[in-house]
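> Quick one, what's the 3D model for this:
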Amino acid sequence: MTRVQCVLALVWLTVASGAAAQTYPMKPIRMVLPFPPGGGLDVLVRMISVPMSESLGQPIVLDNRTAIDGIVAEDTVAKANPDGYTLLSVASSLAINPALGRKLPYDTTRDLAPITQIASQPLLLITQPALAVKSVRDVIALAKKTPGGLNFGSSSSATHLPMELFNVMAGTRMVHIPYRGAAPMITAVIGGQIQLCFGASSSVMPMVKAGRLTALATGDSRRSPLLPDIPTVAEAGVPGFHAVIWSGMLAPAKTPAAIIDRMNAEVVRALAVPDVRGRMLNQLGLDPVGSKPAEFGQFVRDEITKWAKIAKAAGVKATE
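Here you go, the predicted model:
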């Protein structure tokens, strides 16, 4: 291809992309999710889809594909036509799957185009009130006094790896006990079968408020405005610690940039709607984000690198 042909091709692609953005969307948009209806991500996406659909002039139809930590949903979108009519809303598993060395039928950073990080949710380090610890430093001291004597639970890799990060950074050796979901994990902490765990704030706060669980710290780098009296793990004894549950939106690779930018703007606009923002903060315990596509792309790459190092240091591998 000559230099003139290359220039003409670039001009054509630019014009085509602009034209696509001007006419998009002309039919309903399919939003694929890796979690069942009624779950946290499902509720969040349905919430922001209302103002987005009104602005776009087309409905957003949710397609819940629940299997293998999001891999089926992610593969569905990675292999979809890159025309903006099949999108993906996903959580932290997007970065954790490749970090665990899973054999994926797609390349996370090559086959999916970032649109935006939607929200972030604090993880709370919780224990049972009967346990003789009142702070993160107490946990570290007890864990070092009895290596292997404390058990921690997880409901998924998104709550497992943060505890392994804690082990690595604090120099402790606590034993992992996996559970099939947040409810049995929380029940195990309350019943004393395990001593502590990280749980999504929306899942554990009702039990904390009822006095059945004690929240020692939040995994975020700053205190939650909803939980101002609960310190961060970093300030409570493990400097530099940071682990949250996050959600984001992506499209198939090669989706026109103009469509990516349009959807980014629509999500950001929806997150700024007072009713949506208020419900996210007060009902779901979520912090709205709305980052730029490039920022979200870098965030995902950084998350993959971070959790891959932790998984290797802790000897954690995928079970499938």
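> What segments of the stretch 1-150 of the chain are strands?
For the stretch 1-150 of the chain, the strands defined by DSSP state E, counting those that start in this stretch cover 29-33, 60-64, 86-91, 112-127.
> so which of these gets nearest Ala243?
Of all those, strand 112-127 sits nearest to Ala243, with 5.6 Å by Cβ to Cβ. Backbone N, C-alpha and C define where each C-beta goes, glycine included.
> Quick one: mean pLDDT for the closest one?
Average pLDDT, strand 112-127: 95.
> Send me it as CSV with only the CA atoms.
These are the backbone C-alpha positions of strand 112-127, laid out as CSV (Å, rounded to 0.1, in the frame of the first residue of the first chain):
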residue,chain,number,x,y,z
LEU,A,112,-11.9,-6.1,24.8
ALA,A,113,-11.9,-2.3,24.5
PRO,A,114,-12.3,-0.4,27.7
ILE,A,115,-15.2,2.2,28.0
THR,A,116,-15.1,3.2,31.6
GLN,A,117,-14.8,2.1,35.2
ILE,A,118,-18.4,2.5,36.5
ALA,A,119,-17.9,2.2,40.3
SER,A,120,-15.8,1.1,43.2
GLN,A,121,-17.0,-0.6,46.4
PRO,A,122,-15.1,-0.9,49.6
LEU,A,123,-14.1,-4.3,51.0
LEU,A,124,-14.4,-4.5,54.8
LEU,A,125,-12.2,-6.7,56.9
ILE,A,126,-14.6,-8.3,59.3
THR,A,127,-14.4,-10.6,62.4
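> Quick one: closest of the strands of the stretch 1-150 of the chain to Met185.
strand 112-127 (9.8 Å).
> Parallel or antiparallel, list what pairs with the closest one.
Under the criterion DSSP bridges, strand 112-127 sits next to strand 196-200 (antiparallel), strand 214-218 (antiparallel), strand 244-252 (antiparallel), strand 287-288 (antiparallel) in its sheet.
> most neighbours per residue, which of those strands?
Comparing the strands paired with strand 112-127 by mean neighbour count (mean count of other Cβ atoms under 10 Å), strand 196-200 ranks first with a mean of 27.
> Taking their axis directions, that strand and strand 86-91 sit at what angle?
In terms of direction (axes from the mean of the first three to the mean of the last three Cα atoms, to 10 degrees), strand 196-200 departs from strand 86-91 by 150 degrees.
> helices and strands around the next helix or strand after strand 196-200, which ones?
Sequence order places helix 201-209 as the next helix or strand after strand 196-200, per DSSP states H and E. Under the contact criterion of 3 or more Cβ pairs under 8 Å, 6 or more residues apart in numbering; DSSP states H and E, helix 201-209 touches strand 112-127, helix 182-191, strand 214-218.
> same thing but 7 Å
strand 112-127, helix 182-191 (3 or more Cβ pairs under 7 Å, 6 or more residues apart in numbering; DSSP states H and E).
> Tell me which of those is the most buried.
strand 112-127 (a mean of 25).
> For Lys144, give me its contacts.
Lys144 sits next to Thr172 when contact means Cβ atoms under 7 Å, 6 or more residues apart in numbering.
> And it, how far from Gln121?
Here Lys144 is placed at a distance of 30 Å from Gln121 (Cβ to Cβ, to the nearest Å).
> quick one: which of the strands paired with strand 112-127 is nearest Glu295?
Of the strands paired with strand 112-127, nearest to Glu295 by Cβ to Cβ is strand 244-252, at 10.6 Å.
> Show me the contact partners of the closest one.
Outside strand 244-252, the residues touching it (Cβ under 7 Å, 6+ apart) are 41, 44, 77-78, 80, 82, 84, 86-92, 94, 112-123, 158, 200, 219-220, 260, 267, 296.
> C-alpha coordinates for it, CSV please?
What follows is strand 244-252 as a C-alpha-only set of coordinates in CSV (Å, rounded to 0.1, in the frame of the first residue of the first chain):
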residue,chain,number,x,y,z
VAL,A,244,-11.6,-2.9,46.3
ILE,A,245,-14.3,-4.5,44.3
TRP,A,246,-14.9,-2.5,41.1
SER,A,247,-17.1,-2.6,38.0
GLY,A,248,-16.6,-1.5,34.5
MET,A,249,-17.9,-1.5,30.9
LEU,A,250,-16.2,-2.7,27.8
ALA,A,251,-16.8,-3.4,24.1
PRO,A,252,-15.4,-5.8,21.6
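> Below-threshold pLDDT in this structure: ranges please.
The model of the chain has pLDDT under 70 over residues 1-21, 68, 318-320.
> Look at the residue lying closest to Ala143 once chain neighbours are set aside and tell me its secondary structure.
Nearest non-adjacent residue to Ala143, counting by Cβ to Cβ, 6 or more residues apart in numbering: Thr172, 3.9 Å away. The three-state label given to Thr172 by DSSP: H, G, I helix; E, B strand; the rest coil is coil.
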